[in-house]
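Asker: Provided below are the primary sequence and the corresponding predicted coordinates.
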Amino acid sequence: MSIPVIYRTTTMIAAMELLPPQNTFLRDRYFPHDPSTDLFPTEEVLVEYREGNKKMAPCVLPRKGGITIEREGYKTTRYTPPFIAPQRPLTIDDLNKKGFGENLFSDRTPQEREAEILGQDLRDFERMISAREEYIAAQAMLNNGYILKHYADKYGSGEYEEWEIRFYDGTSNPGRYTPDADWNSDNADIFGDLQAMIRLLTSRGLPATDLIVAPDVADVLINNEKIQKMLDNRNMNVGSIDPAMLPAGAAHIGRINVFGRVLDIFSYDETYEDETTGQNVPYIPAGHVILTAPGAGRSLYGAVTQLEQSDDRFHTYMARRVPKYIAKSDQDIREIKVTSRPLLIPRAATPWISAEVISD
């Protein structure tokens, strides 16, 4: 079966790779993706990470050779990544009616509108999948794992199955810290809490450089007299942090020295539309903070296998986004689906600490 060139999977994959990247703060800064190592040829993804440690090299008596040090073990697990697959139909009515922003008396042909609609659909799906990945990134750092709903019919309602991954064993989350008092209370010990959270990472040889806070927590920090005196926001373009380049919703408040440890503080107020309520919900819930470092995790992608209408055969693709063309000639409908199999994981065991510092 011959299909138009613009609907060939390889063509659409190339088109999606050329789209301007959808900037997302949490995914891009803390779960970077390396195409040379993070794309897998199978649906299953191999996850490996080590426990942090701070062992020293041994001192050895002269002329006695060396001391054998065993290699550190690491944990290896196979996961089948979640299945993300938005799709959208294209009908004759869509091709015949005026497009958004198009002149009322436009002489554009249905074929021209078809190519434009395809491009817009691919851009929409890239934005939507990126929003889902940003949600996964937030949940991974807040909960040291995440739960996703796989729907069978209508998105946001009806039957679904839960897909869960946890990056720790047992019932107690080692990536969770509970302060003795809320940070907006009179007896709050913000510096003490930050120091304790930092030590939970540095004691295992892991970096602690970024503090991501909800907007209400940012207000408390900025208005706290002790924090005000120590907050350095005079030179906002420090190192690799350029406020002008931060994605939507992210703001660099400044740097603070916590007993010798320097933290960059980011306020993040970006939201997503909840699939069940339809309400806009913040990625970082009110009252919450996350302590971590850039590159604490990775974004892996499993392969996508699909039946192509061009030859009625199964094909497997290693890509972040895999479009598919579906023609229903009896209904005069063409559908475009874009599939992604992302798995966001930590590079080391529990490289982030989250806390609710302002309770309801």
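Answerer: That came in fine, so what should we check first?

Asker: Tell me if I'm right that residue 30 and residue 136 touch.
Answerer: No. If you go by Cβ atoms under 8 Å, residue 30 and residue 136 don't touch, sitting 11.3 Å apart. Any C-beta I mention is one placed from the backbone N, CA and C, and that applies to glycine too.

Asker: Name the residue in the two with the higher neighbour count.
Answerer: Set side by side, residue 30 and residue 136 show more neighbours around residue 30, with 26 against 22, by other Cβ atoms under 10 Å.

Asker: Count the neighbours of residue 34 for me.
Answerer: Using other Cβ under 10 Å, residue 34 has 10 neighbouring residues.

Asker: scratch that, residue 140 is what I was asking about
Answerer: 26.

Asker: buried stuff in the helix or strand harbouring it?
Answerer: For residue 140, the enclosing helix or strand under DSSP states H and E is helix 110-143. For helix 110-143, a neighbour-count test (16 or more other Cβ atoms under 10 Å) marks 113-114, 117-118, 121-122, 125-126, 128-143 as buried.

Asker: Likewise for stretch 288-297?
Answerer: Residues 288, 289, 290, 291, 292, 293, 294, 296, 297 are the ones in stretch 288-297 that count as buried (16+ other Cβ under 10 Å).

Asker: so how far is that stretch from its chain's centroid?
Answerer: 12 Å (Cα atoms, centre = their mean, to the nearest Å).

Asker: do stretch 35-49 as well
Answerer: On Cα atoms, centre = their mean, the centre of stretch 35-49 falls 16 Å from that of its chain.

Asker: how about the helices of the protein, start to end?
Answerer: 9-18, 25-30, 92-96, 110-143, 190-202, 215-223, 225-230 (DSSP state H).

Asker: Can you tell me which of those helices is nearest to residue 149?
Answerer: With Cβ to Cβ as the measure, helix 110-143 is the member of the helices of the chain nearest residue 149 (11.1 Å).

Asker: Quick check: the residue nearest to residue 190 when sequence neighbours are not counted vs residue 191, distance?
Answerer: Of all residues not flanking residue 190 in the chain, residue 183 sits nearest, at 5.4 Å (Cβ to Cβ, 6 or more residues apart in numbering). Using Cβ to Cβ, to the nearest Å, we find residue 183 at a distance of 11 Å from residue 191.

Asker: The two: who's more crowded?
Answerer: A direct count of neighbours by other Cβ under 10 Å for residue 183 and residue 191 places residue 183 higher, at 24 against 16.

Asker: now that one: how far from residue 174?
Answerer: Using Cβ to Cβ, residue 183 is found at 22 Å from residue 174.
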